[in-house]
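*Asks:* Any chance you could fold what I've pasted below:
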Amino acid sequence: MFKFNGIEINWHGHDTFTIFGNKKICIDPYKLKKPIQADIILISHNHFDHLSIDDLHMVADNKSIIISPTECVDQISTIPHKEIISIIPYDEITVCDIKIKAMPAYNIDKINPDTQKPFHPKGDNKIGFIINIKNVLVYHTGDSDLIPEMNHVKTDILLIPVSGTYVMTVQEAVLAIEKIKPKIVIPMHYGTIVGSVSDAYDLKKMTKLCEVKILTKE
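*Replies:* Got it, this is the predicted structure:
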């Protein structure tokens, strides 16, 4: 658990986080240990480790608002919900006084050898999220490389992948941090499918501009 200016962030492994402020937000629930009722659920894209139907049933109820890219809407329509909101990169919405902006999330050089295409193509409109909760900005990059769109991002807290293969390597994450200049960095996307905790500690050793918080899996 990590607390910053009135909000609490918990990491549940892989890319899964819960953020507590005036409402409970859950991002990309996957392999949860126990149910977590969330007011707002954010889904970054349609891959099984980000859009997990079993895990969505553990966080959603008929009061939940689910926000996802267009490619996910058909799959999540049977999940309990109050509302499903479909967004594309650069859309900005306000839900329960929380401002959410969708950011592009895609690969530049992480290529699927079976298709010879990126694992996360730009044209799919997969997303990350910039969340403004209690005037604290949290940027969850989604499954992304270091992309030009990050050059102008401003955030207090950066949730960033470090495992390589499908997302940024540690070295690319360091370059992203240098461009974005957050106050706090929390590494993600390791220890479940690819990558290990050593990637997170490598990021901590290599990052000089801000504090890196390595969270214990909840």
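*Asks:* ok so Ala200 is a strand residue?
*Replies:* No. The assignment for Ala200, made by DSSP: H, G, I helix; E, B strand; the rest coil, is helix rather than a strand.
*Asks:* Neighbours of it, how many?
*Replies:* If you count neighbours by other C-beta atoms under 10 Å, Ala200 ends up with 24. Quick note: C-beta positions are derived from backbone N, CA and C, even for glycine.
*Asks:* contacting residues for the nearest residue to it once chain neighbours are set aside?
*Replies:* With C-beta to C-beta, 6 or more residues apart in numbering as the criterion, Ala200 has its nearest non-adjacent residue at 4.1 Å, and that residue is Pro187. When the contact criterion is C-beta atoms under 8 Å, 6 or more residues apart in numbering, the partners of Pro187 are 160-162, 173, 199-200, 203-204, 212, 214.
*Asks:* For the closest residue to Tyr106 other than its chain neighbours, report the pLDDT, please.
*Replies:* In space, not counting the residues next to it along the chain, Tyr106 is nearest to Lys122; the distance is 4.0 Å by C-beta to C-beta, 6+ apart. In the predicted model, Lys122 carries a pLDDT score of 98.
*Asks:* which SSE is Asp55 in?
*Replies:* helix 53-59 (DSSP states H and E).
*Asks:* neighbouring contacts of the next helix or strand after that helix?
*Replies:* As assigned by DSSP H and E, the chain's next helix or strand after helix 53-59 is strand 65-69. Contacts made with strand 65-69 from outside it, assessed by C-beta under 8 Å, 6+ apart, are listed as 39-46, 51, 56, 60, 76, 79, 81-88, 93, 95-96, 100, 102, 124-127.
*Asks:* Show me the residues you listed that map onto strands.
*Replies:* When these are checked against strands (DSSP state E), the matches are 40-42, 83-87, 93, 95, 100, 102, 127.
*Asks:* Reformat the residues you listed into CSV and put distance to His14, pLDDT and neighbour count next to each item.
*Replies:* Formatted as CSV, the entries for those read as follows, by distance: C-beta to C-beta, whole Å; pLDDT from 0 to 100; neighbours: other C-beta atoms under 10 Å:
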residue, distance to His14, pLDDT, neighbour count
Ile40, 19, 98, 22
Ile41, 15, 98, 25
Leu42, 14, 98, 28
Glu83, 26, 98, 10
Ile84, 23, 98, 17
Ile85, 23, 98, 16
Ser86, 23, 98, 14
Ile87, 22, 98, 19
Ile93, 25, 98, 13
Val95, 24, 97, 17
Ile100, 21, 98, 21
Ala102, 20, 98, 24
Ile127, 17, 98, 31
